[in-house]
Every structure is written in C-alpha cells, then in structure tokens.
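>>> Okay, sequence plus prediction incoming.
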Amino acid sequence: MKKLKRALAFDIGGTKIASGIIEFEKNSYKIFDYQKIKTPKKKKEVIQKLIELIIYYKKDNDFEKIGIATLGRVDNKNGIVIRAGNLKGWENIKLKKIIKKITNEEVKIDNDVKCFALAENVFGRVKNYHNIAYLAIGTGIGGAIEFDNKLYRGENNIAGEFGHMIVDFNGKKCACGNKGCWQQYVSGKAIEKLYFELYREKKMAKEIAIDSTRGAKKDKKIIKEASKFLAVGLVNIINTINPEAIVIGGSVVRQGEILKLAKKKALKTVLIPGRKTKILKSRLGNEATLVGAGLL
Ligand SMILES: [Zn+2]
C-alpha cells in the first residue's frame, strides 16, 4: 500500500491555536487528533504551548514535517514572525530556529491567509482556476493572491494585504498606524462598532448577521451598510488584479446576507470585463488554514 503523507499542523490565531495531524491523499485529506486551545496572552507562553504540543504529538504519531500558519506578517523563507497587529508582542520571533533548537524538528511557517489560500487551491472550489484572490474576514481582513496557480508574495511577502487598502484618507484609525484601512469598515469588529455607533448597544457581529436574516430591521440596516463597504473593497481588488475568482472565508461571511448583497453591488460597479469574476464562499471553512499549514 502507498504510504500516506502526514504533517503536524498548527493554526495560530489571535484567539485560538488549532492543531492536528493532517493526512494527505491525492485529492483529499483527513485530520486526526484535532485540538484547540486559547491563545495565551504572552509571546513566551505561545512558544511554550507550541513546544508542549509538538512533544505531545510526537509521542503517539508519525509525521514527516511541521507546518505553522500564524496571523501577521511572516518572513516565510527564514521562518520569522515579523509582526501581528492583533496579537500583542507577537513580533520578531525566530520561530523556526527556536523550535529546531528545542525539539530538533524542521518547521515551515507562513501567514495564515496564505495557508488558507493553499488549501482552497488544492481542495476547494477553485482547483480549476488559475488567478485567484483570497480574503479571510474575521477580526480583521487578511488576503492572498495567486497568479498562474502560484502564490504571489510580492517582494517581502506582504502582497495581498487587502485589509490595509485605504478606502478613506481621513477615516478610522487602523492598528497599522494608517487611517481609513478597509478592515476598519468590514471586519467583525467593524460591524460591532457600527452597530454601537448607531444604536448605543453592544451586539456580537454573528448575532447581527443572524438576526438580519430573520428580518430584524436594525440588524438589516447594519448588514446592508457593511455590505456596501465590502463591495468597495471587492471592486478595488477586481479592478486592480482582475482575478478569475475571489474566495472569501471567515466568520463575517459565514452567516447572513452580507456577501450576497456585496457581490451584487460590486459586480455592478466594476469595470465591465470584471463582471465575470466569480465571488465564492470558502468551501473548507474553519479547517482551511490548518490544512494549508499541513500543505506547507
Ligand atoms: Zn491598516
């Protein structure tokens, strides 16, 4: 029997760290021993947890290599986390070197949305497409670009940071230091802020999305407003890189009508040839980033 390829994969997010053994076949994968823990607050604790988990997985599992997807900007060649706005202190970490030194394991590291893109390209709805933009809309907006089926990283691996496209010169402040970045208007946090600004009540983005589909007027208004902002960014992406498809994942688009509304508006607004762009929801959902880390 053919030997299956197995990788240990991690997905480090701002709120949780997911891990598991991913077994790959030609057109499919399986996840074993999936675990999810809260992301510790301090950088040292995050590294400590990673090491503990690697030792734990090594005990009972066979795997060839380790892949780590992390939020933030990553020097993927040297395995260094450069900076992550949503996880304080998660910067300038020579993760590859540290893990090698302590566990003697080889690891590959990349930005989480780049990993999400890899997985969607291999197992998702776009495996027959060649030029694709990816968006992950959650706490912020991450992105990735693939040209001719290869990740386009740019000179310093920051290509596809769509969340930091400036859509309003004098707009809301972003963690990157600029004003008016797109992610300040469409992310989960942004939707919650919008709700609070209008109604002086706190409500979770997920609940706003669900209630809007049930016909709640206040929630519908917010989702409609956010969908306009989502459309603006989609138009910018289509008009600048002209992809065949845009794949969108993340908690914000999982529920409700925001994507449907934005898609309609965006495709009406783009330059005419761009109307053919397919705007699709991610198929792999939550797992995509972890699977992509395994693919690294
Ligand atoms: Zn920004």
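Here it is on my side, so go on. Residues are numbered from 1 along each chain as shown.
>>> Return the residues of the protein in contact with the ion.
With CB under 5 Å from the ion as the criterion, the chain meets the ion at residues His164, Cys174, Cys176, Asn178, Cys181. All C-beta spots, glycine's among them, are computed from the backbone N, C-alpha and C.
>>> List only those of the residues you listed flagged as buried.
His164, Cys174, Cys181 (16 or more other CB atoms under 10 Å).
>>> circling back: so which of the residues of the chain next to the ion comes closest to Leu296?
Nearest to Leu296 out of those is His164 (CB to CB; 23.8 Å).
>>> which of the residues in the biggest helix by length in the chain are buried?
The longest helix of the chain (DSSP state H) is helix 217-241. Residues of helix 217-241 classed as buried by neighbour count (16+ other CB under 10 Å): 219-223, 225-227, 229-238, 241.
>>> could you give the angle of whichever helix or strand comes after it to helix 217-241?
Following helix 217-241 in sequence order, the next helix or strand is strand 245-249 (DSSP states H and E). Strand 245-249 and helix 217-241 meet at an angle of 140 degrees, taking axes from the mean of the first three to the mean of the last three CA atoms, to 10 degrees as the criterion.
>>> mind checking how far strand 245-249 is from the chain centre?
Its chain's C-alpha centre and that of strand 245-249 lie 11 Å apart, by CA atoms, centre = their mean, to the nearest Å.
>>> other SSEs contacting that strand?
Helices and strands touching strand 245-249, by 3 or more CB pairs under 8 Å, 6 or more residues apart in numbering; DSSP states H and E, are helix 112-123, strand 132-137, helix 217-241, strand 278-281.
>>> what's next to it, contact-wise?
Contacts with strand 245-249, where a contact means CB atoms under 8 Å, 6 or more residues apart in numbering, come from 116-117, 120, 124-126, 129, 131-137, 234, 237-238, 259, 277-282, 284-285, 288.
>>> filter those residues to the buried ones?
Buried by 16+ other CB under 10 Å: 116-117, 120, 124-126, 129, 131-137, 234, 237-238, 259, 277, 279-282, 284, 288, out of these.
>>> what's the lowest-mean-pLDDT helix or strand in the chain packed up against?
None of the helices or strands of the chain scores lower by mean pLDDT, DSSP states H and E than helix 251-254, at a mean of 80. For helix 251-254, the packing partners by 3+ CB pairs under 8 Å, 6+ apart come out as strand 132-137, helix 188-199, helix 205-213.
>>> pretty sure Thr39 contacts Ile12?
Yes - counting by CB atoms under 8 Å, Thr39 does reach Ile12; the two are 6.8 Å apart.
>>> higher neighbour count, the two?
More crowded of Thr39 and Ile12, by other CB atoms under 10 Å: Ile12, with 26 against 17.
>>> On the pLDDT front, check that one for me.
Ile12 carries a pLDDT score of 93 in this model.
>>> just Met1 next, same as before
Confidence score, pLDDT, at Met1: 44.
>>> same thing with Leu4?
So Leu4 comes in at 69 (pLDDT).
>>> Tell me which helix or strand Gly67 sits in.
Short version, using DSSP H and E: Gly67 is in strand 65-70.
>>> With just CA atoms, put that strand into CSV.
Extracted C-alpha coordinates of strand 65-70, given in CSV (Å, rounded to 0.1, in the frame of the first residue of the first chain):
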residue,chain,number,x,y,z
LYS,A,65,7.2,17.6,8.9
ILE,A,66,5.6,20.5,10.8
GLY,A,67,3.8,23.4,9.2
ILE,A,68,2.7,26.5,11.2
ALA,A,69,0.2,29.1,10.0
THR,A,70,0.2,32.3,12.0
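>>> Show me the strands in the stretch 1-150 of the chain, by range?
Per DSSP state E, counting those that start in this stretch, the stretch 1-150 of the chain carries strands over the ranges 5-12, 16-24, 29-38, 65-70, 73-75, 80-83, 107-111, 132-137, 141-147, 150-152.
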